[in-house]
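A.B. asks: predicted model and sequence follow; I will ask about them next.
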Amino acid sequence: MFQIYGVLDLIFLILGIGAFILSTWALVHAIKTPARAFAVTGKQSKQVWLLILGFATLFSFAGAVGYLNSIGFLVIISVVAAGVYLADVRPAVREVGKGGNSGPYGPW
């Protein structure tokens, strides 16, 4: 007999692990980014993003290990928070600190 719940559990486990990896990546980048970069770009402060991404990582880890529902409300919110950081904040803060000494083919 084909066990459909076994396949669905595996899919939800993979999605939960993916959510955890995404939120961990965002949290590590936020930790490594200087606080000045957040202020210069006009984004929320570094402490706010560390708090948001810390909770996102916690909730996505709980979803990945099965403590929370794998695709529960908090896990989805965690993915949205990490996605907003990686799509909006990360590109803005990465540009801070890059000097103006780059030519048309890269820095000289």
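C.D. replies: The structure has been received and is ready for your questions.
A.B. asks: am I right that Val7 is in a helix?
C.D. replies: Yes - under DSSP: H, G, I helix; E, B strand; the rest coil, Val7 sits within a helix.
A.B. asks: please begin residue numbering at 870 from this point
C.D. replies: Done: numbering now begins at 870, and the last item shifts to Val876.
A.B. asks: let me know the pLDDT of it.
C.D. replies: As predicted, Val876 sits at a pLDDT of 83.
A.B. asks: what of the one 5 residues further on?
C.D. replies: What the model reports for Phe881 is a pLDDT of 84.
A.B. asks: and it, how far from Val944?
C.D. replies: 10 Å (CB to CB, to the nearest Å). The C-beta positions use only the backbone N, C-alpha and C, and glycine is treated the same way.
A.B. asks: in terms of neighbours, single out the busier of these two.
C.D. replies: Val944 (25 against 18; other CB atoms under 10 Å).
A.B. asks: phi first, then psi, for the more buried one.
C.D. replies: Note on Val944: backbone dihedrals following degrees, to the nearest 10 are phi -70, psi -40.
A.B. asks: can I assume it is in contact with Ala888?
C.D. replies: Yes - between Val944 and Ala888 a contact is recorded at 5.5 Å, counting by CB atoms under 8 Å.
A.B. asks: so what sits against both of these two?
C.D. replies: Residues touching both Val944 and Ala888 by CB atoms under 8 Å, 6 or more residues apart in numbering: 929, 932.
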